[in-house]
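Asks: For reference, the sequence and a predicted model appear below.
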Amino acid sequence: MHYVQIEQRESVAILTLDRPERRNALGSELLSGLTATLAQLSNETAVRAIVIQGAGKGFCAGADLKEFSGDDRDAVSRLNLEMGAFVRSIPLMSKPVVAAVDGFALGGGLMLAISCDLVVTSPQARWGLPEVSLGWLPGFGLSTLVDRVGLVRARRIAFGAEPFDGTEAVAIGLADILSNGQPVLDKALCHAQKLAALPTRAVGSVKHYFSLMTRNAEVMDVLANRVYAQDAESPEALDTMRSRRGEK
């Protein structure tokens with residue numbers, strides 16, 4: 001089981017993070033499943049666009065800290081590197097990828113969503129980066145955050161500002177489209193189908209061009225992950241990790 005479901009509607013594949021009991025948190029198995037599934041879909045000629053959504057009441061709650069025993073910060077650091085590599089692979093795909101965000105998109109879940117080519121959100125979705133309040137720097141994706149909202153807003157969000165809703169996410173440029181009473185998946189599918197109708201080669205060229213403009217993202221993610229590893233040594237971070245795993 002790698003917690004990923006695939007459904008195809010005409011030329012659009014719907015990829016669902018199917019781990020609702022863990023709020024679709026990104027553990028190693030789910031991440032491996034996502035990576036393999038996207039690689040598979042990128043080679044299927046019948047698929048011209050992809051929608052990513054979460055099962056249950058949310059999109060994705062970020063990294064699954066309960067997966068790691070004790071104070072295994074090296075394992076979390078490795079997972080951060082893997083998650084960073086995965087989200088950076090999305091802009092490199094030739095096919096457009098649309099995020100359908102309902103419920104929560106927190107931490108790595110937020111980074112996953114904003115790495116997609118188009119982000120559709122419900123008004124009541126809950127967006128935020130809790131990492132700094134937990135004791136460490138987000139381990140990847142900050143350069144993408146800056147690209148979307150600018151340095152000043154990105155810094156405020158990264159400092160752990162209060163979670164905000166989908167309406168604000170669209171207003172500041174973090175998300176692109178508000179579902180406005182329509183089911184968020186339906187709205188995302190509508191836009192994915194429009195993208196799927198475009199010439200695939202031209203869409204891929206546009207994505208490749210913009211990915212070249214942000215080619216320093218990997219370097220910045222590696223740096224962020226090193227800082228995360230240092231932050232995770234602090235007493236506050238250790239206490240957070242233990243409490244999240246139910247340890248005393």
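Replies: Yep, that arrived.
Asks: What are the boundaries of the strands in this structure?
Replies: Ranges of strands in the chain, per DSSP state E, are 4-9, 12-17, 49-54, 97-101, 104-106, 118-121, 126-128, 164-165, 177-178.
Asks: For Lys187, which of these is the nearest?
Replies: For the strands of the chain, the distance to Lys187 is smallest for strand 118-121, at 5.1 Å, taking Cβ to Cβ. C-betas here are computed from N, CA, C, even on glycine.
Asks: In its sheet, which strands sit next to that closest one, and in what direction?
Replies: Strand 118-121 has the following strand partners under DSSP bridges: strand 97-101 (parallel), strand 177-178 (parallel).
Asks: of all the ones you listed, which lies closest to His2?
Replies: By Cβ to Cβ (comparing all of the strands paired with strand 118-121), the closest turns out to be strand 97-101, at 18.5 Å.
Asks: Mind exporting the C-alpha coordinates of that closest one to CSV?
Replies: The C-alpha coordinates for strand 97-101 follow below in CSV (Å, rounded to 0.1, in the frame of the first residue of the first chain):
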residue,chain,number,x,y,z
VAL,A,97,-0.5,19.7,-12.6
VAL,A,98,-3.4,21.3,-10.7
ALA,A,99,-3.8,21.2,-6.9
ALA,A,100,-7.3,20.9,-5.5
VAL,A,101,-7.1,22.2,-1.9
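Asks: Relative to Leu195, tell me which of the strands of the chain wins on proximity.
Replies: Using Cβ to Cβ, those put strand 49-54 closest to Leu195, at 4.9 Å.
Asks: Quick one: residues in contact with that closest one.
Replies: 11-17, 20, 24, 38, 41, 59-60, 93, 95-103, 109, 112-113, 116, 184-185, 188-189, 192-193, 195-196 (Cβ atoms under 8 Å, 6 or more residues apart in numbering).
Asks: thinking again about what came up before, for the strands paired with strand 118-121, give me a markdown table that also has distance to Gly166, mean neighbour count and mean pLDDT.
Replies: Shown next, in a markdown table, are the strands paired with strand 118-121 (distance: least, Cβ to Cβ, whole Å; neighbours: other Cβ atoms under 10 Å; pLDDT from 0 to 100):
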| stretch | distance to Gly166 | mean neighbour count | mean pLDDT |
| --- | --- | --- | --- |
| strand 97-101 | 7 | 29 | 99 |
| strand 177-178 | 6 | 19 | 98 |
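Asks: want to throw those into a markdown table with distance to Asp74?
Replies: Output for the strands paired with strand 118-121, formatted as a markdown table (distance: least, Cβ to Cβ, whole Å):
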| stretch | distance to Asp74 |
| --- | --- |
| strand 97-101 | 30 |
| strand 177-178 | 39 |
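Asks: Between these, which one is closest to Leu212.
Replies: strand 97-101 (17.7 Å).
Asks: burial measure for Asp147, as a count.
Replies: Counted by other Cβ atoms under 10 Å, the residues lying close to Asp147 total 15.
Asks: Repeat that for Ala171.
Replies: For Ala171, using other Cβ under 10 Å, the count is 12.
Asks: Run through the residues that contact the residue lying closest to Thr121 once chain neighbours are set aside.
Replies: Closest residue to Thr121 apart from its sequence neighbours, by Cβ to Cβ, 6 or more residues apart in numbering: Gly166 at 3.6 Å. Neighbouring residues of Gly166 by Cβ under 8 Å, 6+ apart: Val101, Thr121, Ser122, Pro123, Gln124, Ala125, Trp127, Ala175, Leu178, Ser179.
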